[in-house]
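Q: okay, here's the prediction I keep looking at, along with the sequence it came from:
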Amino acid sequence: MVGETNHDLVRASLACAEKILCWNFVANASSIVRSRDENLDKEKNPLKLPVEWRNVLLVPELLSLFFQLSTVYFNEPDMSSKTITCLTQLASVHGPIFETPEMQQVYVNNFMVGFKGYLNNVLHKIANPQNQVDTADKIYSLAQISNHIFRYSNINVLSKVPEFPEIMKGLGQVAVICLDLKAGNVDDTWFLDAGDDILLMWAAFGKYLFKLVEKFDQYSPEEIQQLMTDPAKNQILFLLSEIAAEIVSKYIDVHVIHTVADEEDDESYDFMQKDVELYSDQLLHVCVLSRLKVDQVLSKLINIITQKTQQLTQLFQSDSGDASGELMAVQEQIHWAVLISGHVLADSAFGETPQIPNSVLKVSSACLIENDPSVNLAKCIFNLLDYLSFPVGSPQHDACSPLLLETLFWFTDRWATSYLFANMNDYSIKSNSLHEFCGLNGGAPVILDFILSKIELNTVIWHTELDIVSQIITLLQGLSKNKATRDHMLANVHSPIVQTIVYTATHATEDAVRNSYFKNLSDAIEGSLNSIIHSPDFSQHFETTVTRERVIVALELFGGLALSVDETTTVQIFETCGKHFSSFIKLLDIYKAHSDVELYIVTIFKDLVKNQSFDALQPQHCQLLYHAVLELIQVYAKNESGRHRSSQSLDEEELYEDLSVLLELLAGLIASEYEGFERETVLARMQKNEGDIDVSKVVFVGVNNLLGLITKEMLEFPRLCLDYMHLVSLLVEYFPDRLSTLPVSLLNSLVQSLIFGITLSIGRIPGYSLKAIQSLALFAWSESSTGHSDISYLYPALDTLLSETMEALLIKPLDTTILDDAANTVFALAIVRPTTIQALFNNLLERRINRSMEGHINKLMQSISENHEKQYQKLVQGTFQIGWGSAGLERYPSLNGFRRLFTTFILESRSSILVI
C-alpha cells in the first residue's frame, strides 16, 4: 500500500507529468489545435519531441514506472485517469527523438511489454460479468493507447514486436465482449461509447492494413518481395485479417441474429433517426474491417439473408395470429443484414462516384457468375425486394415493415451507383461475372428494368409512406446521374418513370409544392416535344432515325403523364396534354409509314381516356377531346386504307396492336361516360348535349371508319378479337337507337360479328356477344311496345341472331359457363320474336331430336314456353322494368326459374342430338 503522504506526492507528480506530456512541442501548435476536433479531451496532442528529450523518455524504466502505476491505481478513477493519459501520450512519441529506426523499435518493444500487462488486467476484469459495465473507462483507454501506437508506429516496426500478436488477439477479444454486451441490451451509454471507440480503433488500423494490401497491385513483383520478405509480417497480416473477420462476424450476429424488434419503434420509425444515420460510424468501421476478409463476410450475409427470407416467407404464409411479433423481429433482422450488406459491397456516393471496392473485385474476378458472392448477395436482396412488393390490401402488405422496404431501396441506390453499368475497362482488376450481371454492355439493362418496375409498383403501393417515397426519389436521382443509366431510361422506359414521378409530385401535401413540381415537370415534357417539331429543319429530317427516336422519347414522356392521371390530377394533366392534341395528330399523319410512332400516339389518347375522371372536366375539355379523337381516327383510317401488314416483319401480338388500342379508346369513351349508371341516368347523360359533338357521334363515326378495316381473318388474333367484341357489345348495349344510321352492309357485318363471337371460347368474348344481342332485343321490344319508333329494320337481324344463337347452343362446342347469359339473351329475343322461336322449336322436334327423347324434350319446351309467357306478362303489366344500357336481365332473380329450365333444355337436347 502507498502511504497517505506518498499518495499525495504521487498524485501531484502524476498531475505534473500529465501536463508536461500533453504539452504541444510543435512550434505552430496553436493553429493546429484550433483546426482539430473541438473535443480536445478525446485525443491529446501527439508527442513529436526534439532530440533533447531522448535521455529522459527513452529510458525503459520510465515506461515501466507508468505501467506499474496503472496497475496500482487500476481501481482509483482519478489516479488511473492521469496515468492512462500519460501512457496514451507516451504511445504517440515520434519524430527526431528517434535518431534511427532501431531506437524506435526498442522503444516500441518496451512499451508493448507494459501494454500487454495492462491489457490483460482489463481483460481479467471484463471477463467477470459483474465488472463488465464498470470498465468503460478502461476500454476507452485501450482504444486511445492503441490508436496512438498504430498511428505512429508502422507495420514494419509492429511486426517485429514479440507481444504484438497476443496484444491484437486481446484487443479483438475486447471488441467481441463489447459487442456481446450490446446484444445483451446493456443500457450504459458510457460503456457503449467505449465499445464504439474500440471498433473505431480497429477500423483505423484496418484501414491502414487495407491500404497496405491494396498497394500490392501497384507494386512490381520485386517490390512485393521486398515488402513481404519477413515471414513475421506475412503472419501478422493474416492474423489481423482473421481477427477483423471475427469482429465483423460478431457485429453481424449482434445486429441480425439477436435483434428483437420493438413494435412501437417500427410503427414510429419515421419520427426517429434512422439506423443508417444513427449507426453510421459503426457501419463505416465494420465496412473497413469487412474488406480485409470480404469473401467470408459476403458468404455469411448471403446465408443469413437466405435463411431469414425463408423464415419470413413461412411466417407470411402462416395462419397463426401469434406470429406477428416474430414477423416483425425477422424483418428487423433482415433490415440490418441489408444495411450491413450495402456498406460491405459499396461506398457512400457523397462526393465523387465511388468505384467497386478492389477487395470485392479480387474475390469476384476469381469466380464464375454462379459462385460470385458479390453477385449472389445482390440477387438475394433484389429477390427480397421483388417478393415484398405485395399488393395493397393483402394480409402480407399489412404485415410488411415499411422500414425494410425503405432499406431495400436504400441498398439499391447505394449498390447501383457503383455497380450498375460499370465499365470494367475502368478497373485494373476485371470481373467477368460482374460484367455479365450488371456491367456496361452486359446485364445492366435487365437489372435497371427490374429496378424501375419495382419503383413504379412500390410508389403506388406505399404512396402514404413518405420515407419510402423519399428514398425512391433519391434512387431515381441517383440513377439519373449515370449517363449509361440515363440513356437507357430515355430510350426505353419513359412512361413508367414519368408516371411514378407525376404520381409522387401531384400527391404532395402542400399545394405550392405540388404545383411547383408539376409545373417544372410538365414544362420539361412539353419542351422536349416543342424543341423537335418546331425545329426549322424538322420537315427535312423527320424520317431520320435520330429525329424519329427523339419524337418517340417525347411521346413516351406524354405517355407517362397519361398513365399517371387520377381523380386529383385529371384537369392538370388533361390541360397539359390537350395543348398538344393537334401536334399528336399531325405526327400521326407525318409518320404514317412508321407503326411504332403511330402506336405511341394512339396509346396516349387511350390511356388519357381510360384514366380520366370525366366528371371533373369542363364541357370545353370534353369537346376538345371528342374532336381530337374523331380527327385521330379519321387520319388513321385514311392512312390505313390499302396498307398490307406482314406477320413476318412483326410479332403476332404486335401486328394489329395499334388497331386494338383504337378499339380500346372508343370502348373507353363509352365506359367513361355511361358504364355503371342506372338506365335513367344513362338516358339523361345521352340527352345532355353541351356541344356540337358527343360520345355517340365520336363512337359511331369511329366505328364507321374502323370496323371496315377489320376482316374475319383478322379476328383470329385473340387480342384484336376481344377488343373488337367488347366495343361492338358496348355499341349495341348503349346505342341501339343509332343502329339505323349505319349502312346496311355495316349493320350486317355487326350481326355476323356477334354470331361469330358466340362460337368463340376466348376469354369474355361469348359473354360480350350475348350481352349485346340481349340489349338489342330489349331495345326492339321496348320500342315496339311503346310505338316510339319503327324497328322493323331490325327484325331480319334479330331472327338471324336467334336462329344462330340456338344453333350454337345446341350443335356447336359449348362453354357451359355462358348458359345463364344465353338464357337471358334467348328470353329477350323470344319476347320480341315469339313466332321465330316457336318455329325453331318445331324445327328441332322435326329434324334434330332422337325419337326416343322427343317426348321429354317436348315437355321441356312446353315448360319453357309457359314460364316465358308468365314472365312476359309481368313485363306487360310492369311488375319489373327492363331496358338497355346497364340494366340487363341478369339482375332479376324472378328469371331464375326460366334460366334453370333453359339450361336443362340445352344440355339434354344436346345429348339427344349427339346420340343420332
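A: Cool, the structure landed.

Q: then the host helix or strand of residue 286 to CSV, C-alphas only?
A: For residue 286, the element it lies in under DSSP states H and E is helix 280-290. In CSV, the C-alpha atoms belonging to helix 280-290 read as follows (Å, rounded to 0.1, in the frame of the first residue of the first chain):
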residue,chain,number,x,y,z
SER,A,280,-23.2,5.5,-39.5
ASP,A,281,-19.8,5.5,-37.8
GLN,A,282,-20.1,1.9,-36.6
LEU,A,283,-21.2,0.7,-40.1
LEU,A,284,-18.3,2.5,-41.7
HIS,A,285,-15.9,0.9,-39.3
VAL,A,286,-17.4,-2.5,-40.0
CYS,A,287,-17.2,-1.8,-43.7
VAL,A,288,-13.4,-1.2,-43.4
LEU,A,289,-12.8,-4.4,-41.4
SER,A,290,-15.0,-6.5,-43.7
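
Q: and the contacts of that helix?
A: 196, 199-200, 202-203, 206-207, 210, 244-245, 247-248, 251, 276, 297, 339-340, 343-344, 347 (Cβ atoms under 8 Å, 6 or more residues apart in numbering). Where you see a C-beta, it was placed from the backbone N, CA and C, and this is true even at glycine.

Q: equivalent analysis for stretch 656-668, please.
A: 595, 598-599, 602-603, 605-606, 609-610, 629, 633, 636, 640, 645, 698-699, 702-703, 706, 709-710, 714, 717, 719-720, 723-724, 726-727, 730.

Q: three-state assignment of the residue nearest to residue 760 when sequence neighbours are not counted?
A: Distances taken as Cβ to Cβ, 6 or more residues apart in numbering put residue 766 closest to residue 760, at 6.2 Å, once the chain neighbours are dropped. Here residue 766 is helix, with the state taken from DSSP: H, G, I helix; E, B strand; the rest coil.

Q: wait, residue 766 touches residue 819, no?
A: No. Residue 766 lies out of contact with residue 819 (Cβ atoms under 8 Å); the separation is 10.5 Å.

Q: what does the residue nearest to residue 78 when sequence neighbours are not counted show for phi and psi?
A: Spatial nearest neighbour of residue 78, excluding adjacent residues (Cβ to Cβ, 6+ apart): residue 11 at 7.8 Å. Residue 11 adopts backbone torsions of phi -60, psi -50, taken as degrees, to the nearest 10.

Q: residue 11: neighbouring residues, count only.
A: Applying other Cβ atoms under 10 Å, we find 16 other residues in the vicinity of residue 11.

Q: what about it, distance to residue 465?
A: Taking Cβ to Cβ, to the nearest Å as the measure, residue 11 falls 59 Å from residue 465.

Q: right, and the helix or strand after the lowest-mean-pLDDT helix or strand in the chain?
A: One helix or strand of the chain scores below all others by mean pLDDT, DSSP states H and E: helix 29-35, with a mean of 36. Next in sequence after helix 29-35, counting helices and strands by DSSP H and E, comes helix 54-57.

Q: pull that next one out as PDB, backbone CA atoms only.
A: Presented in PDB, the C-alpha positions along helix 54-57 are these (Å, rounded to 0.1, in the frame of the first residue of the first chain):
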ATOM      1  CA  ARG A  54      15.900  11.400 -25.800                       C
ATOM      2  CA  ASN A  55      17.700  10.900 -22.500                       C
ATOM      3  CA  VAL A  56      14.500  11.500 -20.500                       C
ATOM      4  CA  LEU A  57      11.900   9.500 -22.300                       C
END
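
Q: that helix packs against which elements?
A: On a contact count with 3 or more Cβ pairs under 8 Å, 6 or more residues apart in numbering; DSSP states H and E, helix 54-57 meets no helix or strand.

Q: elements contacting the helix or strand following it?
A: Using DSSP H and E, the helix or strand that follows helix 54-57 in sequence is helix 60-72. Using 3+ Cβ pairs under 8 Å, 6+ apart, the elements in contact with helix 60-72 are helix 77-90, helix 101-126.

Q: okay, these in a markdown table with distance to residue 788, mean neighbour count and mean pLDDT next?
A: A markdown table is the format used below for the helices and strands packed on helix 60-72 (distance: least, Cβ to Cβ, whole Å; neighbours: other Cβ atoms under 10 Å; pLDDT from 0 to 100):
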| stretch | distance to residue 788 | mean neighbour count | mean pLDDT |
| --- | --- | --- | --- |
| helix 77-90 | 104 | 20 | 88 |
| helix 101-126 | 98 | 18 | 90 |
